[in-house]
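Q: Need coordinates for the below:
(one chain, ligands or ions: 1)
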Amino acid sequence: MIQISFLQLLIGTFLALFVALISYRAKVLSRSGALAATLLGIVVFGLGGIEWALLLLAFFVSSSGLSKVAKGSKQKLVEKFSKGSTRDSNQVLANGGVAAVFVLLHLFFPQQAWPWLGFAGSMAAVNSDTWATELGVLSSRGAYHILSTKKVEKGTSGAISFLGTIASFSGGLLIAALAVIFWPDKITDFNAQLWWVSLFAIAFAGLFGSIVDSILGASLQAIYYCPTCEKETERTPFHICGTPTTFKRGWKWLNNDWVNAVCALAGGLFMVVFALVK
Ligand SMILES: [Zn+2]
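A: Model prediction:
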């Protein structure tokens, strides 16, 4: 029996609209991004509850904040990334769509732990990946290709760095800590003695998701080339300089948004497996 509180749904809708509006005004979200974030917020706040919303907000606030950190030194890398720092609807759904599915699954299995753990794992994965990207590019040491381990330019798809890996684990650990501290009362299927195992499992789910993201970025993700700048980029059809980019490698449909969605799914499934075997 699915139980939905209409008061909670009403409050959730109000809060989601409020957060989306502020983010739109602060240029963190585009118009379509604000719409998608409102829908996502209604599902997470309204159908999940405050604990679910806290994890989403921790991701949203920390990743939006980090994208503003050291903007000057990131400016030269903007040409590599497919999009700027204002998030559109595809980016919002790529990061939060899998989490929303876990909220809906929780409605069908309200006492069971796996939808909450899956939700936490997917949030940890997108948070790890965003923290790794936003902080990894600031690394003063080099970046290395995750598959060939050759030294590559910072910001290259599939590049990893020492700082980025530390940032990735920290981003997952933040979500993990919140997921364990704010464990919803309704979910009774949980052995309290396992809290620290769950903490590290969620943090590792985050790291796992961001590693999957890097491997896809290094292998199957669609990568383009700008003949004017003589550089690889995720941008298409035009590079930031205005030159049309040419397709270089990867699967054409597998853009950065799909890679992020797979990252979220990888983190979520990691925790579903954990919940089943623990
Ligand atoms: Zn160019």
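Q: and after the helix or strand of the chain with the lowest mean pLDDT, which helix or strand comes next?
A: Scoring the helices and strands of the chain by mean pLDDT, DSSP states H and E places helix 71-74 at the bottom, with a mean of 72. Using DSSP states H and E, the helix or strand that follows helix 71-74 in sequence is helix 89-108.
Q: Tell me which stretches of the stretch 1-150 of the chain form strands.
A: 143-145 (DSSP state E, counting those that start in this stretch).
Q: Taking it, what residue is nearest to the ion?
A: Nearest residue of the stretch 1-150 of the chain to the ion: residue 79, at 6.4 Å (CB to the ion). Placement of C-beta: from N, CA and C, glycine included.
Q: measure the nearest residue to that residue once chain neighbours are set aside to the ion for me?
A: Excluding the flanking residues, the one nearest residue 79 by CB to CB, 6 or more residues apart in numbering is residue 240, at 4.3 Å. Using CB to the ion, to the nearest Å, we find residue 240 at a distance of 6 Å from the ion.
Q: Look at residue 240 and give its secondary structure.
A: coil (DSSP: H, G, I helix; E, B strand; the rest coil).
Q: Could you shift the numbering so residue one becomes 437, and keep it that way?
A: Okay, using 437 as the starting number, the last item reads as residue 676.
Q: Please, where are all the helices along the stretch 587-714 of the chain?
A: Remark: helices assigned in the stretch 587-714 of the chain by DSSP state H, counting those that start in this stretch are 598-617, 631-654, 692-713.
Q: Quick one: closest of these to residue 584.
A: Within the helices of the stretch 587-714 of the chain, the stretch nearest residue 584 is helix 631-654; the backing value is 7.9 Å (CB to CB).
Q: So, low pLDDT: which residues of this structure?
A: Applying pLDDT under 70 to the chain flags residues 437, 506, 628.
Q: try 80 this time
A: Residue ranges of the chain with pLDDT under 80: 437-439, 504-516, 518-521, 591, 626-629, 714.
Q: Can you tell me the closest non-neighbouring residue to the residue lying farthest from the centre of the chain?
A: Computed with CA atoms, centre = their mean, the residue of the chain farthest from its C-alpha average is residue 664, at 31.9 Å. Of all residues not flanking residue 664 in the chain, residue 679 sits nearest, at 4.1 Å (CB to CB, 6+ apart).
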